[in-house]
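Asks: Got a sequence here, can you build the structure:
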Amino acid sequence: MDVDDQGDVPTVKGRRQGAANALLQEGFMRLETVIREVSHNTSIPTHQVIALWHKSNGRSFNNVNHWNAYSSYFKANPQQELKRLGDKAPEGATVRRNCYELFKHEYPDSWQTILEYHEEATVLMGAPQTVAMRAQEFHKFGKKVSAMVRPLL
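Replies: Sure thing, here's the model as predicted:
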């Protein structure tokens with residue numbers, strides 16, 4: 001395993017050794033304990049604590065599988081999505097794939113954002129939250145959607 005030092009953050013190349021894996025596991029357990037404590041003390045769900053930490057430290061990553069997000073979107077809006085095919089409805093499994101391609105074509109600059117927001121809304125609908133927490137999340141989500149739709153008007 002080679003380690004290149006770039007500033008104060010070492011970059012590990014190659015396969016991790018058993019000692020590194022053990023240290024990672026120990027660190028992950030400590031992180032989990034801290035996250036649970038912060039969640040408990042603030043009454044904020046753990047997934048939101050993690051998202052807030054990433055946001056506050058300028059970290060962002062997109063782990064959305066857009067095909068899976070579209071599958072969820074398609075399931076929630078089947079008639080709307082099937083209308084995209086018009087009279088060209090193919091047989092079998094290609095229906096959803098063709099609808100997906102037409103969806104991306106119709107929204108070339110925003111299709112990923114639409115699917116990510118739909119995914120976020122789906123998650124928010126399922127997370128146990130107090131009324132105040134739900135209202136706050138809804139307000140933030142509404143701002144995002146408004147900002148996305150505003151240029152289209």
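Asks: For the protein, give me the ranges with low pLDDT.
Replies: 1-14, 55-63, 88-93, 124, 126-129, 152-153 (pLDDT under 70).
Asks: tell me the secondary structure for the residue nearest the centre of it?
Replies: Closest to where the C-alpha atoms of the chain average out (C-alpha atoms, centre = their mean) is Val64, at 4.6 Å. Under DSSP: H, G, I helix; E, B strand; the rest coil, Val64 falls in the coil class.
Asks: With Asp87 as the reference, measure out to the closest residue to it other than its chain neighbours.
Replies: In space, and not counting its chain neighbours, Val64 is closest to Glu116: 5.2 Å by C-beta to C-beta, 6 or more residues apart in numbering. (Each C-beta comes from the backbone N, C-alpha and C, glycine too.) With distances taken as C-beta to C-beta, to the nearest Å, Glu116 is found 31 Å from Asp87.
Asks: Of these two, which one has the most company?
Replies: Neighbours were counted for Glu116 and for Asp87 using other C-beta atoms under 10 Å; Glu116 has more, 16 against 4.
Asks: Let me see the ranges of the helices in the chain.
Replies: Ranges of helices within the chain are 18-42, 46-56, 66-76, 78-82, 94-106, 111-126, 131-149, based on DSSP state H.
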